[in-house]
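J.: Build the 3D model from these lines:
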Amino acid sequence: MYMMREVFRAERGKAPEIVAAFKTLTAAFEEAGYTNRRIYVDYAGPMDTVVCQWEFDSLDQYFTMERGFFVSPDENVQSLIKTFNSYAATGDKEIYEVIQ
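T.: Numbers count the residues shown, from 1 in each chain. Now for the predicted structure:
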């Protein structure tokens, strides 16, 4: 099992837009079989930080969905990309193997 964490630092005051964009992925994440999905926002540390975290069974599962997501992006995916590109100052992707 693996855990993915995407960390975005939004432009000042734009974290709610990043959160809303992540929420639009709920159905796609459930359909892909991802589990334990969570969205976090900063409480301390760098302001306007949004973290989306989820688990999946295999790296192949993740990369197949990820590649398919951007092959022919529909209107919703294009809107999602535009939101991240417009409101995120930085972004990082972390993948961990779940040990316990």
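
J.: only C-alpha atoms for contact and neighbour calcs from this point on.
T.: Noted.

J.: Tell me which residues are up against the lowest-mean-pLDDT helix or strand in the chain.
T.: One helix or strand of the chain scores below all others by mean pLDDT, DSSP states H and E: helix 26-32, with a mean of 84. Outside helix 26-32, the residues within contact range by C-alpha atoms under 8 Å, 6 or more residues apart in numbering are 35, 65.

J.: cutoff 6 Å now
T.: Residues from elsewhere that reach helix 26-32 (C-alpha atoms under 6 Å, 6 or more residues apart in numbering): none.

J.: Alpha carbons of it, as PDB, please.
T.: Provided in PDB are the C-alpha atoms of helix 26-32 (Å, rounded to 0.1, in the frame of the first residue of the first chain):
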ATOM      1  CA  THR A  26     -14.000  13.100  -4.800                       C
ATOM      2  CA  ALA A  27     -15.900  10.900  -7.300                       C
ATOM      3  CA  ALA A  28     -12.800  10.200  -9.400                       C
ATOM      4  CA  PHE A  29     -10.800   9.200  -6.300                       C
ATOM      5  CA  GLU A  30     -13.600   6.900  -5.100                       C
ATOM      6  CA  GLU A  31     -14.000   5.400  -8.600                       C
ATOM      7  CA  ALA A  32     -10.200   4.700  -8.700                       C
END
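
J.: next SSE after it?
T.: Counting by DSSP states H and E, the next helix or strand C-terminal to helix 26-32 is strand 35-41.

J.: Do a quick rundown of the strands in the chain.
T.: Ranges of strands within the chain are 2-10, 35-41, 49-56, 88-97, based on DSSP state E.

J.: could you dump those to JSON lines with mean pLDDT?
T.: Output for the strands of the chain, formatted as JSON lines (pLDDT from 0 to 100):
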{"stretch": "strand 2-10", "mean pLDDT": "96"}
{"stretch": "strand 35-41", "mean pLDDT": "95"}
{"stretch": "strand 49-56", "mean pLDDT": "96"}
{"stretch": "strand 88-97", "mean pLDDT": "96"}
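
J.: Quick one: these as a markdown table, columns for mean neighbour count and distance to residue 77 too.
T.: Converted to a markdown table, the strands of the chain look like this (neighbours: other C-alpha atoms under 10 Å; distance: least, C-alpha to C-alpha, whole Å):
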| stretch | mean neighbour count | distance to residue 77 |
| --- | --- | --- |
| strand 2-10 | 20 | 17 |
| strand 35-41 | 14 | 19 |
| strand 49-56 | 21 | 17 |
| strand 88-97 | 14 | 16 |
